[in-house]
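Visitor: below is the structure, and that's it, no one-letter string:
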């Protein structure tokens, strides 16, 4: 059987073979999934951040950003926080890391978990060490908005 069959075609062949009573061993799919994350805080305001991605062939494909905004010890967080997230790769040349995708949120992020999906066309060569950088601006009712920044581990 060729490795060029799609995953859905492989599943169809396996179902047909099992129905016929045969045992079929299919080659493993050449894609894998992963997650890298980080966090930052400013006083009582905390952000957790994750970049989910999959690898296929010689590329990493970032799938989505996910984050959680929280306030510790009884503080308040409004519904107008901001997230600025980027998919980047390590530049060993020392002139700044290239940005492969950038997403600045609208002024409408609330507390809790949220997700932003990255277009399928974004990819980073595996030898470039992809990571995400992020900035959070917390909507502090009745005061100046604190912020924090960070980055995930490289993959």
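Guide: Nice, I can see it. Computed from a predicted structure; not experimentally measured. Numbers count the residues shown, from 1 in each chain.

Visitor: do you know the pLDDT at the closest residue to residue 59 other than its chain neighbours?
Guide: Using CB to CB, 6 or more residues apart in numbering and skipping residues adjacent in sequence, the residue nearest residue 59 is residue 123, 4.3 Å away. The C-beta positions use only the backbone N, C-alpha and C, and glycine is treated the same way. Looking at residue 123, its pLDDT reads 98.

Visitor: report the separation between residue 123 and residue 81.
Guide: Residue 123 sits 29 Å away from residue 81, going by CB to CB, to the nearest Å.

Visitor: the two: which has the busier surroundings?
Guide: residue 81 (24 against 18; other CB atoms under 10 Å).

Visitor: residues contacting the more buried one?
Guide: Residue 81 sits next to 69, 109, 110, 111, 136, 137, 138, 139, 145 when contact means CB atoms under 8 Å, 6 or more residues apart in numbering.

Visitor: quick one: low-confidence parts of this structure?
Guide: Residues of the chain meeting the criterion pLDDT under 70: 1-30, 93-94.

Visitor: what about the strands in it?
Guide: 31-42, 45-56, 59-71, 82-89, 99-104, 112-117, 124-125, 130-137, 147-151 (DSSP state E).

Visitor: could I get those strands as a markdown table with mean neighbour count?
Guide: A markdown table is the format used below for these (neighbours: other CB atoms under 10 Å):
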| stretch | mean neighbour count |
| --- | --- |
| strand 31-42 | 15 |
| strand 45-56 | 20 |
| strand 59-71 | 19 |
| strand 82-89 | 20 |
| strand 99-104 | 14 |
| strand 112-117 | 12 |
| strand 124-125 | 18 |
| strand 130-137 | 23 |
| strand 147-151 | 16 |
